[in-house]
Structures are given as C-alpha cells and as structure tokens.
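# Curious how this folds, go ahead:
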Amino acid sequence: MATVIKSTEIPAPQKTVWEAVTDWKRSEEWMTIHAGFPDGPPEGTEPGTSFRQKVKIMGMPGEMKWTVKQADPPNRLEMTGEGPMGTTARAVYTLESNGETTKLTYETEYGGAVLAPMAGPLEKESNKAGEESLEKLKGLLS
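Okay, the predicted model is just below:
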C-alpha cells in the first residue's frame, strides 16, 4: 500500500477549514481529482456515512465508494474507500489550530494488486494532486 502525506498552513480558523473540507458540495472547488458524486453529495460526515465519488487520476476515470470511519469535528476525518478492480484507499484529514491559522494534513493510502505495476507513477501523480488540492483550498480560504 502506498502512502502520500501533505500538509499546509491555511490562514483561517480551524472551524472554517473544517467546514470547507467537509462541505461536499465544495469538493469541485479545490479537490483536483474530484469529478462528481453520481448520487449527489453526501449530507454529512457521521461515521457510517457512505457515498460514491467519481475521480480522475493520471487521466483515468474511476469511481470510489467511501465510508466515513471516524469524524471528530473540527479535528479529524477518516474515510476508507473501495474502487474498481479491488483497489482500496484510506483518506485522513487532520486539522490543528494555530490561533488564527490552521495546519491541515492530508494523508492517503491506496492499494490493490491492479495498482502494483504503476505504483511509482501513481504515487508521483498522487503527490502532485495532493499539493495542488491543498493549495487550491488555501487560496479559497485566504
């Protein structure tokens, strides 16, 4: 399983950052791999909430079924995902208040036998997508 961890300091209070990250309707504004919600955006972040998300990475479309495993507003959101051909994923958003700014750390893990042959390029693209997404979110909240 490959892991990508990215952090950024956002010049906004922790509650504001949490609301932006968990407002699924805003995903298209900052999440670079996001391509839509086939069933509409989910309504919340309570543990057990499941939803489908269309994604596009390395030019390839796919669909993930996410399930919220843990939500500790406004500190942490953890989700697990299942994708095409037995792929799996885990996404964690951790927020730490630094007064008027917030450190946001995004961690993602992905795996599955089908991904093994392209692990290197996929990790490189995931790193790039993570950085771009956090920068877009930072820009929205600055």
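
# Once you drop chain neighbours, what's closest to I5?
Excluding the flanking residues, the one nearest I5 by CB to CB, 6 or more residues apart in numbering is E107, at 4.7 Å. Bear in mind the C-beta positions are built from the backbone N, C-alpha and C, glycine included.

# Sort out which residues of the helix or strand encompassing the one you found are buried, please.
Assessed by DSSP states H and E, E107 sits inside strand 101-111. Under the neighbour-count criterion of 16 or more other CB atoms under 10 Å, strand 101-111 has T102, L104, Y106, E107, T108, E109, Y110, G111 buried.

# cool, stretch 83-91 as well?
So for stretch 83-91, counting by 16+ other CB under 10 Å, buried means G83, T87, A89, R90, A91.

# mind listing what the third one touches?
When the contact criterion is CB atoms under 8 Å, 6 or more residues apart in numbering, the partners of A89 are M64, T80, G81, E82, G83, T108, E109, Y110, G111.

# so what strands line up beside the helix or strand hosting it?
In the assignment (DSSP H and E), A89 maps to strand 88-98. Next to strand 88-98 in the sheet, as set by DSSP bridges, lie strand 76-82 (antiparallel), strand 101-111 (antiparallel).
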